[in-house]
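Trainee: Just to be clear, the model below is a prediction. Sequence and coordinates:
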Amino acid sequence: MSFPLLTVTAALPAVGAVATAAVPAARRTAAKWLALAVSLATLVLSGVVLARFDPGGARYQLTESHAWISDFGVRYELGVDGIGAALMALTALLVPFVIGAGWHDADQVEERENSRWRPTQGFFALILAVEAMVLVSFAATDVFLFYIFFEAMLIPMYFLIGGFGDRAHAAGEEEGAKQRSYAAVKFLLYNLAGGLVMLAAVIGLFVVSADSLGEGTFSLPELLKARASGDLTISTTTERLLFLGFFAAFAIKAPLWPLHTWLPNAMGEATAPVAVLITAVVDKVGTFAMLRFCLGLFPNASEWATPVVLGLALVSVLYGALLAVGQRDMKRLIAYASISHFGFIILGVFAMTSQGQGGATLYMVFHGISTAALMLVAGFLISRRGSRLIADYGGVQKVAPVLAGTFLVGGLATLSLPGLAPFVSEFLVLVGTFSRYPVAGIVATAGIVLAALYVLVLYQRTMTGPVRKPEIEKMPDLKVRELAVVAPLVALLLFLGVFPKPLTEIVNPAVEHTLSDVQKKDPEPQHPVADHTDPSAWFDYKPAGHGGGDHE
Amino acid sequence: MIGLLVGVPLLGAAVLLCGGRRLDRGGHWLGTLLSAASFAIGAALFLSMLGKDAEDRAMHSKLFSWVPVEGFQADVAFQLDQLSMTFVLLITGVGTLIHIYSVGYMEHDPGRRRFFGYLNLFLAAMLLLVLADNFLLLYVGWEGVGLASYLLIGFWQHKPSAATAAKKAFLVNRVGDAGLAVAIFLMFTTFGSFAFAPVLSSTGEAGEGTLTAIGLMLLLAACGKSAQVPLQSWLGDAMEGPTPVSALIHAATMVTAGVYLITRSGAIFNGAPDAQLVVVVVGGVTLLFGAIVGCAKDDIKKALAGSTMSQIGYMILAAGLGPIGYAFAIMHLVTHGFFKAGLFLGAGSVMHGMNDEVDMRRYGGLRTHMPVTFVTFGLGYLAIIGFPGLSGFFSKDQIIEAAFGKGGTEGWILGAVTLLGAALTAYYMTRVMLMTFFGEKRWQPDAEGREPHPHESPKIMTIPMIVLAFGSVFAGGLFKAGDTFVDWLEPVTAFEHGHSPVSATAVTASTIVSLVLGVGVAWFQYGRKPVPAVAPRGSLLTRAARRDLLQDDFNHVVLVSGGTHLTRSLVYVDNKVVDGAVNGTAAGFGGLSGRLRRLQNGFARSYAVSMFGGAAVLIAATLLMRAV
Amino acid sequence: MIGMTDAASAGGASAASGVPSLWTVAAGAGDTLQAPSIEYGKLSPVLIVLGAAALGVLIDAFAPRRARYSAQLFVALAGLAAAFAAVIGLAASGAATTKAQIAGMGALAVDGPALFLQGTLLLVGIVGVFTFAERRLEPAAHGSRVDSFAAQPASVPGGEGEQQAVKAGWTTTEVFPLLMFAVGGMLLFPAANDLLTLFIALEVFSLPLYLLCALARRRRLLSQEAAVKYFLLGAFSSAFLLFGTALLYGYAGTVNYSSIARVVAGTDAVTDPVLADTTGNDALLLIGSALVVMGLLFKVGAVPFHMWTPDVYQGAPTPVTGFMAAATKVAAFGALLRLLYVVLPGLRWDWRPVMWGVAILTMLGGAVVAITQTDIKRLLAYSSIAHAGFLLAGVIATSEDGISSVLFYLAAYSFVTLGAFAVVTLVRDAGGEATHLSKWAGLGRRSPLLAAVFAVFLLAFAGIPLTSGFAGKFAVFKAAAEGGAGALVVVGVIASAIAAFFYLRVIVLMFFSEPRADGPSVAVPSAMTTSAIALGVVVTVVLGVAPQYFLDLAGQAGVFVR
Amino acid sequence: MSPINYVYLAALLFTIGAAGVLIRRNAIVVFMCIELMLNAANLTLVAFSRMHGNLDGQIMAFFVMVVAAAEVVVGLAIIVMLYRARHSASVDDASLMKL
């Protein structure tokens, strides 16, 4: 048994959470720094994971396996494929920024409470707890283990939303509190319901595996092996039911239309950093799980469901975008934008092409970063003006050019402008979808126009125009801390937009594995051309005038 | 080396935009310097290219593999051939001139550094667009210039009109971009690649249907970028931007990208006659559309914008003609680059002197006050209307000839259209000329009540205008002489002689006639009698033309308000129906709970009843189970 | 009773000689009567507890008032601890697995399930004693610390006598012997191996509980009402159970589990043609078993026999409620399991569908009605009903996994319940315990620790992963699914989703809503209540994170001796 | 006559008892009805004991009587307590806890 890298990576924030929570009430700032340090250390570790991961190697690497609850056939099994590694990295990457951006979020709670209640410690401890659980669920190769953390992460999230919600509420503090707890409860119940449906399916999976393997197991590698070798056979109906059970949970988490309504509330009521945590980190578990579990365990059912899923994904893409246009609250707007983006991701996942799924994976990472950038800047903006309503702004660019600039970059990333990271993923998803389902591809392409619409409308209404309101007159530009949070994200967006290769290299093999799980091949081009990567191809190229084609 | 072309201005943009206030003092010079540098590089490459013989002048350099995914290989790689080289020179050359001009023009603007940053960004994007060796990278440049134009149109963000115009420009372009994207998808599914070389060299294998589809999608893209009908609406509003921007982006370079795209993917269009036909139609329609709009506008920049639209219509039309037109399209593109840029700079200089007044009805008699501007503008004017001997004459004449050369009825129709266009061009340009520089003064104090004191612009602004004026005078002649230009492009675009039913001389003659007609009518209307300071009501057509032939209104009714209603209703649906279902379920259980709760009425005897009943049911059920 | 059964066989023999006449039988039996042999070792747990209980009575009768409390406390704890040690000893000696046997002349089974449940019950009893003996919560009346039981139950509420009693600082130390008797009966209940013992055990643990319910120090009217309701309905149900017993006796001619099972299976032939119309008469069998099952379902609080639960849970003194909620369920489910697995396996196809219906009703009914509750104790009562439903799902599995999963669930559930009710005793205002939910608003702000602990319990109830509640639920549902009750699992899952809602409501209330000015304060308990709560938390977490050992335990205990 | 008739009689008594519990308000009477049900059970036991020709039933009857006696002790204590507190032994008056 080699060094349990994954366990350590996931355990570190967990320990950090406990430590942070234990910091005495008076030493708030210490708690903050501690949390930040822990998250950075985790980032380093996840970097090590990426480094140790060998794209050419086995499907699951850095694996660990220990007996846990043998009665339930549950093992403590960890292991990452390229997708898992990438998403772990994303998580570890974003949390420090979340902490940095939320540096003062708990303070406003602090003032209002007596001393025994220690919001600051709680806030950062909860963030770290979420990180730990998300990391485990990205690394888990045991269905049950995954399920446990998939469910458990709801609890800290729930407290983050309900306990540390956004104080900038139009309808006043009282109403704000109501809205917050409503959003929190809705978030938890909605996801819990999905999770419980999944629980039924998980049990069903155990029974099925017990029936045909004699010994029930939850280990993903074993199940895949058994499936490939034909030892594990699932009747069509059962497979479909199980698939639906799993998919329902993931579709809620993702979220997929029409199961999305919890997200706008949650993101609207939570503070910006927490909102980032929700959409950029926690929700990714849903799409990730579709890729890893739905397709892996139930290939036939996935294929059976594909048309419907694609349809829903398309609806999400357009519906989310249109609703984003119609929002008056900028955080809700971003939430709906995310719904639209999740539509793209799911589209890519179920297009069952290497471009689609590769793109979808990249999309998860890049969307995480871009939304983080946009949402955090929006958060800074809101914290200055104390309002989430777009109508309360205007002309900010004049007084706070840097803030406006970063906001614009975030927005452009959201509308996936070429040169910024999200473009790569979105284009891949679209190409992948188009190559198998042309119509779907074209419909989805309409989404990029709408994306431009809602982003630019947001930017125009908040940043441009004359400065009308006195509050905006004296609005300060980004502080050092805030800039330190945003600048790296922007840089990252640019870098990955130009040079995504390192990531694609890690992701590709994993995607190929997934495709082989569902026994799918990319559709061949109708008239494949000679590999153009060799320069010689260039010189065969005859000018257009010769009617084209007669180049041999 | 090729990479540097793009890299240098990009560096400039990065430095200027991230550099912060400390660069405010020297920033503009840095920007100008860098663009000049990239022009120098371009020139050097050009010379080295001249050294080689025609067939292997093309250069190719791969920087790195951009998006390597199974079966999907996108590289960051450049290709510099004669076509690209033409553009490189145009872009960097005119670009540099306009940088210089802007130094003067933007002198008093607090955001000058930012402005030059954007300009450099634009140069980089535009160069990327013309240097890319595959459609995906082209797409990057394509949207890059879109971004730059968005930023520059909205440069004066505090003006709501500017912000709106910028947004509109970007959105309309996005529609076109979507077309380009789909075109790339099609290429990928058809050829498994989207690099120029393989795709264009194997068009023969794809069915005509596919090629047509690709072609139409490319055309959609071109329409967006080059403001062709039906995606032309943004160009007029784009004039909200600073005038140098209008000159560089919305006259000389970016808007011509559509022409580049079509010419570049000529092989595809050659394989898809139907697509070509559509291209020609679009070009023709826009040609007239722009001209008509240009005739009615009183805003000097909008008038010029209309003219730009129409001139690009010429180019698109020419490109639509296939090998017989590509070369001329590009040639007209270059000459147009010179004189239209010159015209815009002239207009800018006029506005500079007139407290940024743009209404031509408030100009008049400026020739004495700003001679240099007058002369350069005049030369540009002569060039654009195609005064014999000036560059506009040669390039446009070629296109008209090629239009006839299309042959058949099509040929006749196209010829007629182009001639009509020529006449209109002459008309509206003369109108501009007369209203601006001739007649008596109609100056009026501006909003702040400052009386205009027209004065000549500083050297830094006039010099570029002079240079461009030279260009607009001689460029056409140079290109035409011994078909230099056509031969130069031949290896890339190929060239075939159209079989025109009418002789070249006849075409030329008719061109000149239509030109004279246009000028005459214009003089008759605006030269002879004083121009009313407030626009007369005008004919129905005039009024329509003032409103861009109502297409904006159309968009507003159909798209904007329609979209608004759609989103509003969707928001309602989302809250009431989708979310309502969720909350409804919760409420439902709550109600059920409340009702069941009443059973617990506190009376022990009723509890006993339920037990007794339960027991009875239990027994009955058990017995029943046995019975069945 | 062995004598009787001999007599019966003799009777059977003499039946050959014509008319069966009792006295001849008796005469014939007279000389063959030998003293029954009792395995005291095997029965030691029960005997110890009941002995301690009797001792407690004596103490209350003769010891001076001051000494009683500590003496009672000592006796109770010592007795329970000793009994627990005895259980461990038995289990260690293999009585749970290899050497499982019927003891006490067929009256009691000493086997895995019995010992496991007895062990659980004894621990629950110990924790119960802790909560009973808590004397820090009530404000010290006139110098002497008092517990949460009436000063003098006999006195009229608010009457002269009560005031004197309170002034005198009296306390009702009888609660300890009562508790011990109840525990004793409960120990017997799941071990009972014939219907008579079942009935006796039922009464032995019910009667003390009826009394305990009536002994609240505050809100005595409610307490008494609870007692009356519990008593009348309990007696009513036990009458049904008894009548069922009688019918089964009529059917099989014996009340011994295994003998009945044999008759049901039809393995041993009818002894006498005369009895043909009774013995093997399925109507008797079905009605009888239905009535007996109903009696047990009443005790576990399954719909539609659940209606006493909320009222009694609310009215009874909270320590009693906690003990009752935990222990009664354990005992009753044990008995139900034994009855269904040992006596009526042959009848599976008759009772399974019926139990399906009951389980579904119970799960959904409990969860749904709980949504709109406003009193924390009633809320927990309905939650306990819902959990009874989940347990029934496991019972229906009719497999060894079913048994062990139910055993595990019971162990997990009982400690969470004890802990939860212990927390309820701490949240107090002027009027005693503040059980109305509105008063719990903002508790998380006032005393985060307590609120967090309670939140943990609620999450366990809701079955959130990494809590014992999840492990138990998973085990039960898994067993049910394997037993072919997939649909039941789906219903269970829906019910849990509904249930999650009202557990969350409490959490929201505690953490996210502003504290009320007149809100309750949290009393600082003595080590006893603290340890009760702490034990609850520890069990919740341990069984949630590392349940394997206990699953193994339950797994080994998962076999009934026939 | 066949002892089975006693069983029918017992069933009848049991039902009467049950009905009484459901109908009567006075706690004492309700309790008596329960006793009646218990005795119905006893009668059943005895009858079956007779028919089976073994004594288990009769023995059980004795046990039941003892239990019933214990129940009376507890029951009456509780009911009397209730009565003293409220001056009414009506079961329906004791309905403070509901919903």
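Mentor: Perfect, thanks for sending it.

Trainee: In terms of pLDDT, where does the residue lying closest to C:A63 once chain neighbours are set aside sit?
Mentor: Computed as CB to CB, 6 or more residues apart in numbering or on different chains, the closest residue to C:A63 that is not its neighbour in sequence is C:A71, at 5.5 Å. From N, CA and C alone the C-beta is placed, and that goes for glycine too. Turning to C:A71, the model gives it a pLDDT of 93.

Trainee: Touching, C:A71 and C:A61? I think so.
Mentor: No - using CB atoms under 8 Å, C:A71 makes no contact with C:A61, being 11.8 Å away.

Trainee: These two - which one has more neighbours?
Mentor: Neighbours were counted for C:A71 and for C:A61 using other CB atoms under 10 Å in any protein chain shown; C:A71 has more, 18 against 8.

Trainee: Describe which strands the longest strand along chain B pairs with in its sheet and in which direction.
Mentor: Longest strand in chain B, counting residues (DSSP state E): strand B:59-69. Strand pairing for strand B:59-69, determined by DSSP bridges: strand B:72-80 (antiparallel).

Trainee: Quick one: residues contacting residue 5.
Mentor: Picked chain A for this. A:L45, A:V48, A:V49, A:R52, A:L62 (CB atoms under 8 Å, 6 or more residues apart in numbering or on different chains).

Trainee: Let me rephrase: I mean chain D.
Mentor: Taking CB under 8 Å, 6+ apart, one finds nothing in contact with D:N5.

Trainee: can you list the weak-confidence ranges in chain D?
Mentor: Where chain D drops to pLDDT under 70, the residues are D:1.

Trainee: Pull up the gap between the residue of it found nearest chain C and C:A192, please.
Mentor: Of all residues in chain D, the one sitting closest to chain C is D:N54 (3.0 Å; CB to the nearest CB). Distance, D:N54 to C:A192, by CB to CB, to the nearest Å: 20 Å.

Trainee: Show me what stretch C:491-502 is in contact with.
Mentor: With contacts defined as CB under 8 Å, 6+ apart, stretch C:491-502 is touched by A:185, A:188-189, A:192-193, A:196-197, A:199-200, B:586, B:589, C:359-360, C:363-364, C:366-368, C:370-371, C:373, C:379, C:383, C:386, C:389-390, C:393, C:461-463, C:473, C:476-477, C:480.

Trainee: chain center to that stretch, what's the gap?
Mentor: The chain centroid and the centroid of stretch C:491-502 are separated by 24 Å, computed with CA atoms, centre = their mean, to the nearest Å.

Trainee: What of stretch B:417-426?
Mentor: Distance, stretch centre to chain centre, for stretch B:417-426: 22 Å (CA atoms, centre = their mean).

Trainee: same deal with stretch C:505-525?
Mentor: Computed by CA atoms, centre = their mean, the separation of stretch C:505-525 from the middle of its chain amounts to 31 Å.

Trainee: before we move on, what about stretch A:54-64?
Mentor: Offset of stretch A:54-64 from its chain centre (CA atoms, centre = their mean): 23 Å.

Trainee: which residues are contacting it?
Mentor: Contact with stretch A:54-64 is made by A:1, A:4-7, A:49, A:52-53, A:76-82, A:141, A:221, A:505-506, A:508-510, A:513, as judged by CB under 8 Å, 6+ apart.

Trainee: Could you pick out the longest helix of chain B?
Mentor: When chain B is scanned for its longest helix (criterion: DSSP state H), the result is helix B:160-191.

Trainee: Now find how far off-centre that helix is within its chain.
Mentor: That offset, for helix B:160-191, works out to 11 Å (CA atoms, centre = their mean).

Trainee: rewinding a little: just put the contacts of A:L5 in a markdown table and tack on pLDDT.
Mentor: Putting those into a markdown table (pLDDT from 0 to 100) gives the following:
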| residue | pLDDT |
| --- | --- |
| A:L45 | 93 |
| A:V48 | 92 |
| A:V49 | 91 |
| A:R52 | 88 |
| A:L62 | 88 |
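
Trainee: What subset of those is buried?
Mentor: With burial judged by 16 or more other CB atoms under 10 Å in any protein chain shown, the buried subset of the contacts of A:L5 is A:L45, A:V49, A:R52, A:L62.

Trainee: Which neighbouring elements make contact with the host helix or strand of the first one?
Mentor: To tie it back to what came earlier, the one meant is A:L45. In this assignment (DSSP states H and E), A:L45 forms part of helix A:28-52. Helix A:28-52 sits against helix A:5-22, strand A:61-69, helix A:82-101, helix A:119-139, with contacts defined as 3 or more CB pairs under 8 Å, 6 or more residues apart in numbering or on different chains; DSSP states H and E.

Trainee: Can you name the secondary structure element that comes next after the longest one?
Mentor: Sequence order places helix A:143-152 as the next helix or strand after helix A:119-139, per DSSP H and E.

Trainee: Can you name every helix or strand that that next one contacts?
Mentor: Using 3+ CB pairs under 8 Å, 6+ apart, helix A:143-152 is in contact with strand A:74-80, helix A:119-139, helix A:172-213, helix A:283-289.

Trainee: send the alpha carbons of that helix over as PDB?
Mentor: These are the backbone C-alpha positions of helix A:143-152, laid out as PDB (Å, rounded to 0.1, in the frame of the first residue of the first chain):
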ATOM      1  CA  VAL A 143     -20.700   3.900  -5.400                       C
ATOM      2  CA  PHE A 144     -21.800   3.800  -1.700                       C
ATOM      3  CA  LEU A 145     -18.800   5.800  -0.600                       C
ATOM      4  CA  PHE A 146     -19.600   8.400  -3.200                       C
ATOM      5  CA  TYR A 147     -23.300   8.400  -2.300                       C
ATOM      6  CA  ILE A 148     -22.500   9.000   1.400                       C
ATOM      7  CA  PHE A 149     -20.500  12.100   0.700                       C
ATOM      8  CA  PHE A 150     -22.800  13.200  -2.100                       C
ATOM      9  CA  GLU A 151     -25.500  13.400   0.500                       C
ATOM     10  CA  ALA A 152     -23.400  14.500   3.400                       C
END
